[in-house]
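>>> Provided below are the primary sequence and the corresponding predicted coordinates.
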Amino acid sequence: MGFLNKLFGGKKESGSKQNVSEVVFVSPMTGDVVGLTDVPDPVFSQKMMGDGIAINPSEGKVVAPADAKVLNVFPTKHAIGLEAAGGLEILLHVGLDTVNMKGEGFDVHVSEGDHVKKGDVLLTYSLELVREKAASIITPMIISNGEIVEHMDKHENVPAVAGETPVLTVKLK
């Protein structure tokens, strides 16, 4: 939203963060939404990196869950960090132990600093290869700066369509 406000002459970037009270995130992948406690990795299931949801994907495509700026693309291509409205930082981590794949089977379609719209393709990958080489295909979507979050509504245990199905509503402090 900050980018659009700047583009169309609205409030300045710094002011827009304070004016956002709620952000709705859609599923970054097509598949089944599951709770973080169901992720077979304590770093995610115990919310060490933050709170959020996870997707058990049915296809190898990750899209932007909201309008956002790309903060970082991990060199191993398996994870992307985004900043959405209100300064919310989102980590999308494809599969578990996928860092060990060293980027094999992953194609990133964005660069750090890019502004993306909800539903834009961020990366594509071989779901079959991840299923074969990683610990799990399950993909956490984490809000990593939970200190600015007042409340999070999660839509778990539902089928989701990438870029369409709302999966997380975050109210900011």
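Everything's here; your move. Numbering: from 1, shown residues only.
>>> So in the protein, where's the weakest helix or strand by average pLDDT?
When the helices and strands of the chain are compared on mean pLDDT, DSSP states H and E, helix 2-7 comes out lowest with a mean of 35.
>>> Please pull up the helix or strand immediately following the host helix or strand of residue 52.
Using DSSP states H and E, the element containing residue 52 is strand 51-57. In the C-terminal direction, the helix or strand that comes right after strand 51-57 (DSSP H and E) is strand 61-63.
>>> before we move on, back to that, quick one: strands adjacent to the strand holding residue 52?
strand 31-35 (antiparallel), strand 139-143 (antiparallel) (DSSP bridges).
>>> With mean neighbour count and distance to residue 44 as new columns, can those be given to me in CSV?
To be clear about C-beta, it is placed using only N, CA and C from the backbone, and glycine gets the same treatment. Conversion of the strands paired with strand 51-57 to CSV gives the following (neighbours: other C-beta atoms under 10 Å; distance: least, C-beta to C-beta, whole Å):
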stretch, mean neighbour count, distance to residue 44
strand 31-35, 18, 10
strand 139-143, 24, 5
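>>> shaky segments in the protein?
Within the chain, the segments meeting pLDDT under 70 span 1-18.
>>> for it, what spans make up the strands?
Along the chain, the segments classed as strands by DSSP state E run 22-26, 31-35, 51-57, 61-63, 68-73, 79-84, 89-93, 106-108, 115-116, 121-125, 139-143, 149-154, 159-160, 166-172.
>>> any chance of these in JSON lines, plus distance to residue 42?
JSON lines is the format used below for these (distance: least, C-beta to C-beta, whole Å):
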{"stretch": "strand 22-26", "distance to residue 42": "24"}
{"stretch": "strand 31-35", "distance to residue 42": "14"}
{"stretch": "strand 51-57", "distance to residue 42": "14"}
{"stretch": "strand 61-63", "distance to residue 42": "23"}
{"stretch": "strand 68-73", "distance to residue 42": "23"}
{"stretch": "strand 79-84", "distance to residue 42": "17"}
{"stretch": "strand 89-93", "distance to residue 42": "14"}
{"stretch": "strand 106-108", "distance to residue 42": "24"}
{"stretch": "strand 115-116", "distance to residue 42": "30"}
{"stretch": "strand 121-125", "distance to residue 42": "24"}
{"stretch": "strand 139-143", "distance to residue 42": "12"}
{"stretch": "strand 149-154", "distance to residue 42": "19"}
{"stretch": "strand 159-160", "distance to residue 42": "24"}
{"stretch": "strand 166-172", "distance to residue 42": "21"}
